[in-house]
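*Asks:* Here's my sequence, what's the structure:
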Amino acid sequence: MAQRRITLAHGNGGRFMRELIDEVFARHLSDGQLDTHTDAAHLNLSGNLLFTTDGFTVKPLEFPGGSIGSLAVHGTVNDLAVAGAIPKVLSLNVFIEEGLEFTQLDRIVADLAQAARESGVQIVAGDTKVLPHGECSGLYLATSGIGVRATPGVLSLDNIRPGDVLLANGSVGDHGTAVMLAREQFGLRGDLRSDAASVLSYAQSLFDLPGLRFMRDPTRGGLATVAHEIAHACGLAVRLHEAVIPVKDPVRAVCEMLGYDPYYLACEGRVIAVLSPDAADEALERWRGIDGSEAALIGKVEVGDSRVILETTLGGERFLEELEDDPLPRIC
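*Replies:* Next up, the predicted model:
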């Protein structure tokens, strides 16, 4: 029997579109506040609100450790969490390519719904569009999210001072490498799983910690790009210590074979936090108490030119240049 597939009629506003929304989206997301019969969601939120928005074009749509559905939820939740907020509600825009199988769409929406439940957020509004075959690479998602600030002050690059330290809550480069292996490019295959996950527990564990300056999730461009963001915004140098930056063996092996640098590859379940040096030990203790985290103090901010310096395991130094070309497109 031929697989049931999305057609342009599923986006025309008529019966097929209603059936698509009812059979897939409403079925998985109706346990929240999503009302598919209204054009706006009523929100009963108070406090200092933060708002974010993002888009997702990952290929393949499903990969070891997640899918574009869970990635969309985690990516939006993480942007709010590292800004110091507790995520509350999300909106979801769906762009479906004509020909996508219903069964795959159903799996992805189920994955999205599960990620939302685990993250404690509700999908409260959305929209669906169907694009002609060849214009969408299967499925694109766009999300927006609102959270309530939970930190005493604003987390900002402006807070960073010379002597502050950088912490990572786990290994870097996992997501970019896992997606690349899932594409079976270059004749390579592997069972490495993406690190895609909510980082809310890690971020929230530091919200009340004096000395917390800034947090960022190192997605596109990875750790090196976050370090450059800090260096340029503060007019200071960022020094990273290669010997203590967690990199898994499969990630290192793939990078060595193909000429990639793990510090530029995307992560989707990691936090880079900048703290005063006297807060580092407490932060590490809190992070290491969460799911056996491989949290590490990986670098520091120092007076110097706005550049990123990597102290190598051999005792030398090299500059990590700012990313220009996209080493691995369509990963998030």
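*Asks:* quick one: buried residues of the lowest-mean-pLDDT helix or strand in the chain?
*Replies:* Lowest on mean pLDDT, DSSP states H and E among the helices and strands of the chain sits helix 15-20, with a mean of 85. Within helix 15-20, the residues scored as buried using 16 or more other CB atoms under 10 Å are Phe16, Met17, Leu20. Every C-beta, even on glycine, is put in place using the N, C-alpha and C of the backbone.
*Asks:* just stretch 101-111 next, same as before
*Replies:* Result for stretch 101-111 [16+ other CB under 10 Å]: buried residues Gln104, Leu105, Ile108, Val109, Ala110, Asp111.
*Asks:* Okay, and which of these map to helices?
*Replies:* Gln104, Leu105, Ile108, Val109, Ala110, Asp111 (DSSP state H).
*Asks:* Each with direction, which strands does the longest strand anywhere in the chain pair with?
*Replies:* Ranked by residue count, the top strand of the chain under DSSP state E comes out as strand 85-97. Paired strands of strand 85-97, with direction, are strand 122-131 (parallel), strand 139-149 (antiparallel) (DSSP bridges).
*Asks:* Return the set of buried residues in the first one.
*Replies:* If I follow you right, that is strand 122-131. Gln122, Ile123, Val124, Ala125, Gly126, Thr128, Val130, Leu131.
*Asks:* Show me what the second one bridges to in the sheet.
*Replies:* In this entry, Ile123 is beta-bridged to Leu90, by DSSP bridges.
*Asks:* which other residues reach stretch 134-146?
*Replies:* Here stretch 134-146 makes contact (CB atoms under 8 Å, 6 or more residues apart in numbering) with 43, 45, 49-57, 59, 61, 68-69, 72-73, 75-77, 79-80, 87-97, 100, 105, 108, 112, 121, 330.
*Asks:* Now that we have those residues, which of them are buried?
*Replies:* The buried subset of the contacts of stretch 134-146 - by 16+ other CB under 10 Å - is 50, 52, 54, 56-57, 61, 68-69, 72-73, 75-77, 79-80, 87-97, 100, 105, 108, 112, 121.
*Asks:* Walk me through the domains of this protein.
*Replies:* 8-149, 157-319 (automatic domain parsing).
*Asks:* For the protein, just list every one of the helices.
*Replies:* 15-20, 27-29, 68-82, 102-119, 174-182, 200-204, 222-234, 249-258, 280-288.
*Asks:* Export the fifth one to PDB, keeping only CA atoms.
*Replies:* To tie it back to what came earlier, the one meant is helix 174-182. This file holds the C-alpha atoms of helix 174-182, laid out as PDB (Å, rounded to 0.1, in the frame of the first residue of the first chain):
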ATOM      1  CA  ASP A 174      28.100  16.300  19.200                       C
ATOM      2  CA  HIS A 175      25.100  17.600  17.300                       C
ATOM      3  CA  GLY A 176      27.000  18.700  14.200                       C
ATOM      4  CA  THR A 177      28.800  15.400  14.000                       C
ATOM      5  CA  ALA A 178      25.800  13.300  14.700                       C
ATOM      6  CA  VAL A 179      23.800  15.000  11.900                       C
ATOM      7  CA  MET A 180      26.700  14.700   9.500                       C
ATOM      8  CA  LEU A 181      26.900  10.900  10.200                       C
ATOM      9  CA  ALA A 182      23.200  10.600   9.800                       C
END
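*Asks:* Below-threshold pLDDT in the stretch 1-150 of the chain: ranges please.
*Replies:* Along the stretch 1-150 of the chain, segments meeting pLDDT under 70 span 1-2, 32-33.
*Asks:* a markdown table for the helices of the chain, including distance to Ser137?
*Replies:* Shown next, in a markdown table, are the helices of the chain (distance: least, CB to CB, whole Å):
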| stretch | distance to Ser137 |
| --- | --- |
| helix 15-20 | 19 |
| helix 27-29 | 22 |
| helix 68-82 | 10 |
| helix 102-119 | 13 |
| helix 174-182 | 14 |
| helix 200-204 | 29 |
| helix 222-234 | 23 |
| helix 249-258 | 23 |
| helix 280-288 | 36 |
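*Asks:* can you tell which of those is closest to Glu268?
*Replies:* With distances scored as CB to CB, the stretch of these nearest to Glu268 is helix 174-182 (4.3 Å).
*Asks:* Contacts only, for Ala295.
*Replies:* Leu167, Ala168, Asn169, Gly170, Ala283, Leu284, Trp287, Arg288.
*Asks:* Just the buried ones among these, please.
*Replies:* The buried subset of these (16+ other CB under 10 Å) comprises Leu167, Ala168, Asn169, Gly170, Ala283, Leu284, Trp287.
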